[in-house]
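**Student:** Here is the input, now give the coordinates:
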Amino acid sequence: ADDIKIMDDKTIRFSVKNASETIPKIFENFQRIGVKILEVKYHKPTLEDVFLHLTGKSLREGEATPLDQIRTYHMRRG
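**Tutor:** Next up, the predicted model:
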């Protein structure tokens with residue numbers, strides 16, 4: 001797994017590059033050590049997920065405020 005986070009005493013979050021190959025291996029390893037898996041949720045990363053991972057902030061946080069837009073406009077005009 002590329003990224004593992006223990007969310008609470010019953011939840012572990014994994015981020016992996018190739019889920020179709022990695023998830024079965026995770027199941028096998030947990031079964032081998034006697035860990036019972038109760039639920040699995042899977043989703044492909046969204047644009048928001050990727051942006052947050054790369055920048056550390058959400059897309060909304062990355063948007064320019066109206067004041068920033070005015071400043072940019074005036075800087076471009078000289």
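**Student:** Paired strands for the helix or strand I12 falls within, with orientation please.
**Tutor:** Element membership of I12, judged by DSSP states H and E, is strand 11-15. Strand 11-15 sits in its sheet next to strand 3-8 (antiparallel), going by DSSP bridges.
**Student:** and the residue nearest the centre of the chain, helix, strand or coil?
**Tutor:** Geometric centre of the chain, nearest residue: D49, 4.6 Å, by CA atoms, centre = their mean. Secondary structure, DSSP: H, G, I helix; E, B strand; the rest coil: D49 is helix.
**Student:** Please apply the same query to K17.
**Tutor:** Per three-state DSSP, the secondary structure class of K17 is coil.
**Student:** Tell me, how many residues neighbour it?
**Tutor:** Burial of K17 is recorded as 8 neighbouring residues (other CB atoms under 10 Å). Quick note: C-beta positions are derived from backbone N, CA and C, even for glycine.
**Student:** does Y42 really touch I23, like I thought?
**Tutor:** Yes: at 7.1 Å, Y42 counts as touching I23 under the criterion of CB atoms under 8 Å.
**Student:** who has more neighbours, those two?
**Tutor:** Counted by other CB under 10 Å, Y42 and I23 do not tie: I23 has more neighbours, with 15 against 9.
**Student:** sorry, back to before: so for the strand holding I12, what gets flagged as buried?
**Tutor:** For strand 11-15, the buried set under the neighbour-count rule, 16 or more other CB atoms under 10 Å, is empty.
**Student:** just how off-centre is it within its chain?
**Tutor:** Offset of strand 11-15 from its chain centre (CA atoms, centre = their mean, to the nearest Å): 10 Å.
**Student:** in the chain, which spans are helices?
**Tutor:** Ranges of helices within the chain are 19-32, 47-55, 59-62, 66-77, based on DSSP state H.
**Student:** that older thread, what's the mean pLDDT across the strand holding I12?
**Tutor:** Averaged across strand 11-15, pLDDT comes to 85.
**Student:** what's the answer for stretch 23-42, then?
**Tutor:** The model assigns stretch 23-42 a mean pLDDT of 90.
**Student:** what comes into contact with that stretch?
**Tutor:** 1, 10, 14, 16, 19 (CB atoms under 8 Å, 6 or more residues apart in numbering).
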